[in-house]
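Novice: Sequence first, then the predicted structure:
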Amino acid sequence: MFIAKAVAATLLAGSFGALAAAPGDDAAYDKQRQMEDKRVACMTEQGFTYVAALAPQRQWQPGERERLAGDLKALRTYRAKYGFGVWSPNVYPKDEVVNPTSPDNPNNKTLMSLPAAELKKWRATDESCFSQAVKEALGKTVTSQEDYYDQLEAAVNKSLSVLDQDKELVRLGKQFATCLGVGETRPTALDGLSHTKIVRQASEVARKAWKGELPKAPKGKTVIFRPNLKPEEARPYLAKEIKAALKDLECGKAFYPAYAPKAVEITSRVYQEFGREGAAQAIPSRIYRKVI
């Protein structure tokens with residue numbers, strides 16, 4: 001009935017042309033392919049079945065790159081219909097813009113067929129093989145998939161912090177904050193601040209409606225609940241979200257075009273270093289790292 005997602009409390013947070021590929025993404029995707037191939041080989045050597053779970057390379061939707069780069073017209077067009085994209089998936093369940101389809105993990109069938117003891121062994125071996133694959137493909141030392149994403153998160157946060165020292169962004173951030181009526185003025189904190197409030201509100205709506213025992217978040221994580229309301233139930237929430245999103249954009253009309261390209265370039269570079277398509281992850285990463 002609801003999706004509960006555990007994320008790190010500070011989870012992963014150049015301007016790209018509308019049709020051009022983000023520099024470095026092809027190489028990063030190849031690294032991801034190498035990691036999956038090595039994972040398959042390692043699992044096979046250990047006597048376990050594993051099918052490479054390489055997600056399709058990102059297919060950009062119209063206006064998506066422009067929004068990512070802080071283009072005001074593209075942002076306004078999107079927000080006027082979808083807000084920040086929090087409640088709109090409920091209102092428009094068949095709209096690919098906010099409900100993109102994603103392939104199932106090809107290993108799900110195997111995992112569901114294993115008895116508990118064998119599943120435990122499979123998972124432990126997979127963690128070891130994943131760590132080995134990361135070392136061989138990227139030259140990075142990780143102890144698990146969680147550690148890999150924790151290191152990615154930390155690298156993104158450290159790299160983005162330089163934007164809080166950018167004098168022009170600091171000046172624009174103060175104007176943005178004054179318009180929003182908030183005390184926080186750091187550029188990295190202002191980016192996605194209003195969006196994050198809507199995420200928290202939606203999570204709270206879902207949490208209150210949760211039936212049964214609430215899932216426990218791992219240490220250092222928080223649980224985000226995603227409500228599965230019917231379109232007519234979610235529409236009033238979306239109307240408020242759209243109003244907040246347009247106000248945020250009006251207040252940040254000087255901030256976003258200056259901040260977004262730099263934030264995307266930095267986030268992309270770090271993601272690519274970790275064998276991930278950077279720009280494709282930048283928007284959700286910059287939001288969900290703020291949910292605490």
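Specialist: The structure has been received and is ready for your questions. Residues are numbered from 1 along each chain as shown.
Novice: Next, the residue of the chain most remote from its centre: phi, psi?
Specialist: Most distant from the centre of the chain: residue 47, at 33.6 Å, with distances by CA atoms, centre = their mean. With angles defined as degrees, to the nearest 10, residue 47 sits at phi 90, psi 20.
Novice: any idea how far residue 202 is from it?
Specialist: 44 Å (CB to CB, to the nearest Å). The way it works is simple: take the backbone N, C-alpha and C, and place the C-beta from them, glycine included.
Novice: swap in residue 238?
Specialist: Using CB to CB, one gets 10 Å for the distance from residue 238 to residue 202.
Novice: With residue 71 instead?
Specialist: 26 Å.
Novice: Counting neighbours, go ahead and name the busier of these two.
Specialist: Counted by other CB atoms under 10 Å, residue 71 and residue 202 do not tie: residue 202 has more neighbours, with 22 against 19.
Novice: ok, that one - contacts?
Specialist: For residue 202, the contacting residues are 86-87, 225-227, 237, by CB atoms under 8 Å, 6 or more residues apart in numbering.
Novice: same deal with residue 121?
Specialist: Counting by CB under 8 Å, 6+ apart, residue 121 has contacts residue 48.
Novice: any chance you could map the helices in the stretch 101-250 of the chain?
Specialist: Taking DSSP state H, counting those that start in this stretch, the helices of the stretch 101-250 of the chain run over residues 108-113, 116-138, 145-160, 167-180, 187-190, 193-209, 231-251.
Novice: just these: most buried one?
Specialist: Ranked by mean neighbour count under mean count of other CB atoms under 10 Å, the helices of the stretch 101-250 of the chain are led by helix 187-190, which reaches a mean of 22.
Novice: Run through the neighbouring helices and strands of it.
Specialist: helix 167-180, helix 255-273 (3 or more CB pairs under 8 Å, 6 or more residues apart in numbering; DSSP states H and E).
Novice: Mean pLDDT lowest where, among those?
Specialist: Per-stretch mean pLDDT for the helices and strands packed on helix 187-190 is lowest at helix 255-273 (a mean of 94).
Novice: Low-confidence stretches in the stretch 151-292 of the chain?
Specialist: 279-292 (pLDDT under 70).
Novice: Let me know the helix or strand that residue 100 is in.
Specialist: Residue 100 is part of no helix or strand, with elements assigned from DSSP states H and E.
Novice: Now do the contacts for it.
Specialist: residue 61.
Novice: Next, it: phi, psi?
Specialist: Given degrees, to the nearest 10, the pair of backbone angles that residue 100 has is phi -70, psi 140.
Novice: That one and residue 179, how far apart?
Specialist: Separation of residue 100 from residue 179 (CB to CB): 32 Å.
Novice: go on, residue 37?
Specialist: When residue 37 is compared with residue 179 (using CB to CB), they lie 50 Å apart.
Novice: go on, residue 170?
Specialist: If you go by CB to CB, the gap between residue 170 and residue 179 works out to 15 Å.
Novice: Tell me who's in contact with residue 50.
Specialist: Here residue 50 is in contact with 39-40, 43-44, 107, 110, 126, 129 (criterion: CB under 8 Å, 6+ apart).
Novice: out of those residues, who's nearest residue 256?
Specialist: The nearest member of the contacts of residue 50 to residue 256, counting by CB to CB, is residue 39 at 38.5 Å.
Novice: Can you give me every residue that contacts that closest one?
Specialist: 50, 52, 126, 129-130, 133.
Novice: Could you check which helix or strand contains it?
Specialist: Short version, using DSSP H and E: residue 39 is in helix 25-45.
Novice: could you dump that helix to CSV, C-alpha only?
Specialist: Taking C-alpha atoms only, helix 25-45 is exported to CSV below (Å, rounded to 0.1, in the frame of the first residue of the first chain):
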residue,chain,number,x,y,z
ASP,A,25,28.6,9.5,-18.8
ASP,A,26,29.4,7.0,-21.5
ALA,A,27,32.7,6.1,-19.8
ALA,A,28,30.9,5.8,-16.4
TYR,A,29,28.3,3.5,-17.9
ASP,A,30,31.0,1.3,-19.3
LYS,A,31,32.5,1.1,-15.8
GLN,A,32,29.1,0.1,-14.5
ARG,A,33,29.0,-2.6,-17.2
GLN,A,34,32.4,-3.8,-16.1
MET,A,35,31.4,-4.0,-12.5
GLU,A,36,28.4,-6.1,-13.3
ASP,A,37,30.4,-8.5,-15.5
LYS,A,38,33.0,-9.0,-12.8
ARG,A,39,30.2,-9.5,-10.3
VAL,A,40,28.7,-12.3,-12.5
ALA,A,41,32.1,-14.0,-12.8
CYS,A,42,32.7,-13.8,-9.0
MET,A,43,29.3,-15.2,-8.1
THR,A,44,29.7,-18.0,-10.7
GLU,A,45,33.1,-18.9,-9.3
